[in-house]
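# fold the following, please.
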Amino acid sequence: MVKVYAVALVVGVVALLGWIMMRTLSANIDRASIDPEQRLGLMGRRVVAALVGFGIGGMSAEFSPRDLSWPFALVLAILGAGAAAWYAGWVDREDEDAEGSKPEPA
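A predicted model of the protein is given here:
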């Protein structure tokens, strides 16, 4: 399973770096058509984050000094993917005021 986690981590990191570079390029040349945030949206961002989270979670569990079984390491990798995907969607939410409603536009 280490190879699966390693491949997921490499693919996720390469996709993340590509996402960052294409987003920066699209902002600098003012072309929204190549912006991955516009093309793939929130779901694409969550998939990339889940790949990285799955790889990191699985590798961390496999190389743990606790000698975990592979099914338990797989569960931890899936939890890592879920946590990373949740955070990728949560981090860009609109700010809410103390009452829980969205602020009025100025």
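# can we go C-alpha only for contacts and neighbour counts from here?
Will do.
# for this protein, where's the lowest mean pLDDT among helices and strands?
Using mean pLDDT, DSSP states H and E, helix 36-39 stands out as the lowest-scoring helix or strand of the chain, at a mean of 88.
# by contact count, what packs against the longest helix anywhere in the chain?
Ranked by residue count under DSSP state H, the longest helix found in the chain is helix 2-28. Helix 2-28 is packed against helix 36-39, helix 41-62, with contacts defined by 3 or more Cα pairs under 8 Å, 6 or more residues apart in numbering; DSSP states H and E.
# go again with 6 Å.
Judged by 3 or more Cα pairs under 6 Å, 6 or more residues apart in numbering; DSSP states H and E, the packing partners of helix 2-28 are helix 41-62.
# okay, buried residues for the helix it packs on please.
For helix 41-62, burial by neighbour count (16 or more other Cα atoms under 10 Å) applies to 42, 44-62.
# and the angle for it with helix 2-28?
On the basis of axes from the mean of the first three to the mean of the last three Cα atoms, to 10 degrees, helix 41-62 is oriented at 150 degrees to helix 2-28.
# which strands and helices lie in contact with helix 41-62?
helix 2-28, helix 70-90.
# just how off-centre is the longest one within its chain?
Right, the one you point to is helix 2-28. 10 Å (Cα atoms, centre = their mean, to the nearest Å).
# before we move on, the earlier item: what residues sit buried inside the least confident helix or strand of the chain?
Pro36, Glu37.
# stretch 8-20 now?
So, applying 16+ other Cα under 10 Å, buried residues of stretch 8-20: Ala8, Leu9, Val11, Gly12, Val13, Ala15, Leu16, Trp19.
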